[in-house]
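Participant: I'll drop the sequence and a predicted model, then ask my questions.
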Protein chains: 2
Amino acid sequence: MSNIEVCQIKRPKGWPEMSDFEVKYSTVPTPGDGEILLKILYLSVDPYMRGRMNDTKSYVPPFELGKPMQGGIVAKVEKSNSDKFTEGDYVVGMGNWAEYMVTDGGGFIKVDPSLAPLSYYLGILGMPGQTAWVGLTAVAGLKKGQNVYVSAASGAVGQVVGQIAKNMGCHVSGSAGDDAKVAYLKELGFDAAFNYKTADNLNKALAEANPKGIDVYFENVGGPMLEAVLNNMNMFGRIAVCGMIADYNAKSASEVSTAPRNMTQMIGKAIRMEGFIVSYYPDACKEWLGVCAEWLKDGKISYKESMVEGIENAPQGFLDMLSGKNFGKQVIKVADD
Amino acid sequence: MSNIEVCQIKRPKGWPEMSDFEVKYSTVPTPGDGEILLKILYLSVDPYMRGRMNDTKSYVPPFELGKPMQGGIVAKVEKSNSDKFTEGDYVVGMGNWAEYMVTDGGGFIKVDPSLAPLSYYLGILGMPGQTAWVGLTAVAGLKKGQNVYVSAASGAVGQVVGQIAKNMGCHVSGSAGDDAKVAYLKELGFDAAFNYKTADNLNKALAEANPKGIDVYFENVGGPMLEAVLNNMNMFGRIAVCGMIADYNAKSASEVSTAPRNMTQMIGKAIRMEGFIVSYYPDACKEWLGVCAEWLKDGKISYKESMVEGIENAPQGFLDMLSGKNFGKQVIKVADD
């Protein structure tokens, strides 16, 4: 039985390219004592992975060259030599960009396939959904009636941010990079949405979308957007810094898109800006799974995915997501159940 | 009896100039019913006042053109028609750049001239000292044993920041703009200090001054320093943003000194950066007065002032402070007691 793995073989300088990856053919590994064999159904490509492609110290180690890329996966237990898992179980956890892998099951948890499509466990019911919840509640301390703005609002995290804030009784605005995405935000119930690529003036677009100013900004992009947001923030504004995708592919500091030149506003407006890593908030993460399951059941939240088929296409799906070509959470479908 | 008042008559574009001010001669006002006449002994010039010279919306209104500049003053009650004050009382509060003024006493509190030199109520025992305490404790949540770095470290706020942190059992480093100031920081007990103007490389200078990295940064300057600090911050670093004096006199956003281009580090290191306004922390402000009085009595804290004589010289003293020519807290001595 053959296996396919997708490996990183070069460290990118600036934007990653297809030649930074390699598709390797091998045989399906055999699980040892206490181990399980996973058949991977879906894998997740997320912006944070760009950081792991670099050889720099961070809160997660860099990807190893020549080894399979790693990320969130949903898989089915194909064989089990472990008493913790049974053949046929569905699990989610951090795994390989591959068709099959062997693991001792550490970090994997069983999931319920009847609650939602399995791929949702990589999105709204997984790390991106938890990130939205943690950022808004634990980091920004969002309160009912506040004015919330989120960038990259139709993305894996952004679309959840907006819906959580609406369900909490807030005024919600968002931006995205094309008109179809903007239309989708309005469908989701956003009070205002705009296309940041065609806006004449970000300051003005933000002022129009947020007539009462911005109390909480969920930051996904960085660059000139952050400067414009600071201009539109209210006293005691809170910025939850989830991502700054505009800057991830800069080759050097001098290539970084315009940095915010108006940070003195943080003083006069007593603004707090805080970066966060979702895994440091286990309680809030758990809380989200309960909240989200209920909202899904009650039809109070929905989720849009962008599906690419085939493990060989994972690198292209990843690159497309980094440049914003995806519409909704980018997932790679590796195999049918 | 003649009075002198110093007024702002123009809105500066960029650096303020002497011609933005005017010295006006008048007669000493007479206190009405319930009012008091103050003889001003000292007045304070502080970086935040630069903001009030602009005609922009902020947490404090702009100075009115043609009216006396305002700031912290220490004064003696010369005449009292109020039952709250007695002739001979010493008071501190927000007052005019003048020799004499009349007030209903709102916002003024009596101070004890035996505890410390009266001018200290504009510095270590006043708003700058409170700012140091609030920023370190209430905003940054400083803990014993942490690594603290402060910029503009010999200034009105910085020198207090360093001594508080030392008294709390922290490793403390600081920077200043000339060698005499750096030597003074070492006298005060700073573990490390450097001259940022002669340092070849800010990143390296910070790494040497902070061998265990930076846990808490007390931000007074902004600009390239903030970028270098982000490079040297530890996981869960905290930045209390008190001031960004490097940017106060920029004529436009494009003239602002280099903005930090490495803000993505806020995510991976889960850094929190928070601007604050000391007056929003009344409890911590009060707490500081108790702590500071005790430390002064026990010789556990000291304070350096830079004194300019004569109300007519207040504008020059203010401009010199903005460009860092002062050494220690800049105070204007208006009259002998």
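Facilitator: On my side now, so go ahead.

Participant: next structured bit after the biggest strand by length in chain A?
Facilitator: Longest strand in chain A, counting residues (DSSP state E): strand A:70-80. Where DSSP states H and E defines the elements, the next helix or strand beyond strand A:70-80 is strand A:90-96.

Participant: Show me what that next one is packed against.
Facilitator: Under the contact criterion of 3 or more Cβ pairs under 8 Å, 6 or more residues apart in numbering or on different chains; DSSP states H and E, strand A:90-96 touches strand A:36-44, strand A:70-80, strand A:100-103, strand A:109-110. From N, CA and C alone the C-beta is placed, and that goes for glycine too.

Participant: Include mean pLDDT when you put those strands into CSV, please.
Facilitator: Below are these laid out as CSV (pLDDT from 0 to 100):
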stretch, mean pLDDT
strand A:36-44, 98
strand A:70-80, 98
strand A:100-103, 98
strand A:109-110, 96
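
Participant: Pull up the pairing partners for the longest strand of chain A, direction included.
Facilitator: Sheet pairing here is set by DSSP bridges, and for strand A:70-80 it gives strand A:36-44 (antiparallel), strand A:90-96 (antiparallel).

Participant: What residues sit buried inside the longest one?
Facilitator: Looking back up the chat, that one is strand A:36-44. A:36-44 (16 or more other Cβ atoms under 10 Å in any protein chain shown).

Participant: Now the element after it, going C-ward?
Facilitator: helix A:49-52.

Participant: can you list contacts of that following helix?
Facilitator: A:16, A:58, A:60-63, A:69-71, A:245, A:248-249, A:318, A:322, B:268 (Cβ atoms under 8 Å, 6 or more residues apart in numbering or on different chains).

Participant: if we go to 6 Å?
Facilitator: Helix A:49-52 has contacts (Cβ atoms under 6 Å, 6 or more residues apart in numbering or on different chains) with A:58, A:60, A:62-63, A:71, A:248.

Participant: Also stretch A:160-180?
Facilitator: Taking Cβ under 6 Å, 6+ apart as the rule, stretch A:160-180 contacts A:124, A:129, A:132, A:136, A:144-151, A:153-154, A:182, A:185, A:189-197, A:209-210, A:218, A:300-301, A:324.

Participant: Report the buried residues of that stretch.
Facilitator: A:160-166, A:168, A:170-178.

Participant: Tell me which of those fall in helices.
Facilitator: A:160-166 (DSSP state H).

Participant: Alpha carbons of the lengthiest helix in chain A, as CSV, please.
Facilitator: Using DSSP H to define each element, chain A has its longest helix at helix A:282-297. Provided in CSV are the C-alpha atoms of helix A:282-297 (Å, rounded to 0.1, in the frame of the first residue of the first chain):
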residue,chain,number,x,y,z
PRO,A,282,-6.9,26.0,27.4
ASP,A,283,-10.0,26.9,29.5
ALA,A,284,-11.4,29.4,27.0
CYS,A,285,-10.6,26.9,24.1
LYS,A,286,-12.7,24.2,25.9
GLU,A,287,-15.5,26.7,26.6
TRP,A,288,-15.7,27.6,22.9
LEU,A,289,-16.3,24.0,21.9
GLY,A,290,-19.4,24.0,24.1
VAL,A,291,-20.7,27.4,22.9
CYS,A,292,-20.0,26.6,19.3
ALA,A,293,-21.7,23.2,19.3
GLU,A,294,-24.8,24.8,20.7
TRP,A,295,-24.8,27.7,18.2
LEU,A,296,-24.3,25.2,15.3
LYS,A,297,-27.3,23.2,16.5
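
Participant: Tell me how far A:V182 lies from B:L115.
Facilitator: 63 Å (Cβ to Cβ, to the nearest Å).

Participant: who in the stretch 51-200 of chain A is up against chain B?
Facilitator: A:58-59 (Cβ under 6 Å from any Cβ of the partner chain).

Participant: Pull the contacting residues for whichever residue of the stretch 51-200 of chain A sits closest to chain B.
Facilitator: Using Cβ to the nearest Cβ, the closest approach of the stretch 51-200 of chain A to chain B is made by A:S58 at 4.7 Å. For A:S58, the contacting residues are A:51, B:268, by Cβ under 6 Å, 6+ apart.

Participant: same thing but 10 Å
Facilitator: Each residue near A:S58 by Cβ atoms under 10 Å, 6 or more residues apart in numbering or on different chains is listed here: A:48, A:51-52, A:277, B:235, B:265, B:267-269.

Participant: Next, give me the two most distant ones among those.
Facilitator: A:R52 and B:M235 (16.9 Å; Cβ to Cβ).

Participant: re earlier: settle it for me: which of A:V182 and B:L115 has more neighbours?
Facilitator: Comparing A:V182 with B:L115 by other Cβ atoms under 10 Å in any protein chain shown, the one with more neighbours is A:V182, at 22 against 15.

Participant: quick one: that one from A:S302, how far?
Facilitator: Going from A:V182 to A:S302 by Cβ to Cβ gives 17 Å.

Participant: and if you look at A:K39?
Facilitator: 28 Å.

Participant: Please apply the same query to A:L41.
Facilitator: For A:L41, the distance to A:S302 - Cβ to Cβ - is 21 Å.

Participant: Likewise for A:E227?
Facilitator: 32 Å.

Participant: Give me the more crowded residue out of the two.
Facilitator: A:E227 (20 against 14).

Participant: List the residues that contact that one.
Facilitator: A:202-203, A:258-263, A:265, B:253, B:259.

Participant: ranking those by neighbours, who comes first?
Facilitator: In the contacts of A:E227, the most neighbours by other Cβ under 10 Å go to A:M263, 26 neighbours.

Participant: I'd guessed it sits against A:L230; true?
Facilitator: Yes. A:M263 lies in contact with A:L230 (Cβ atoms under 10 Å); the separation is 7.0 Å.

Participant: Below-threshold pLDDT in the stretch 201-337 of chain A: ranges please.
Facilitator: Along the stretch 201-337 of chain A, segments meeting pLDDT under 70 span A:253-254, A:257-258.

Participant: show me where the stretch 151-300 of chain A has helices.
Facilitator: Assigned by DSSP state H, counting those that start in this stretch, the helices in the stretch 151-300 of chain A fall at A:158-167, A:179-187, A:202-209, A:224-232, A:265-268, A:282-297.

Participant: now, of those, which is deepest in the fold?
Facilitator: Each of these was scored by mean neighbour count; the highest is helix A:158-167, a mean of 26, by mean count of other Cβ atoms under 10 Å in any protein chain shown.
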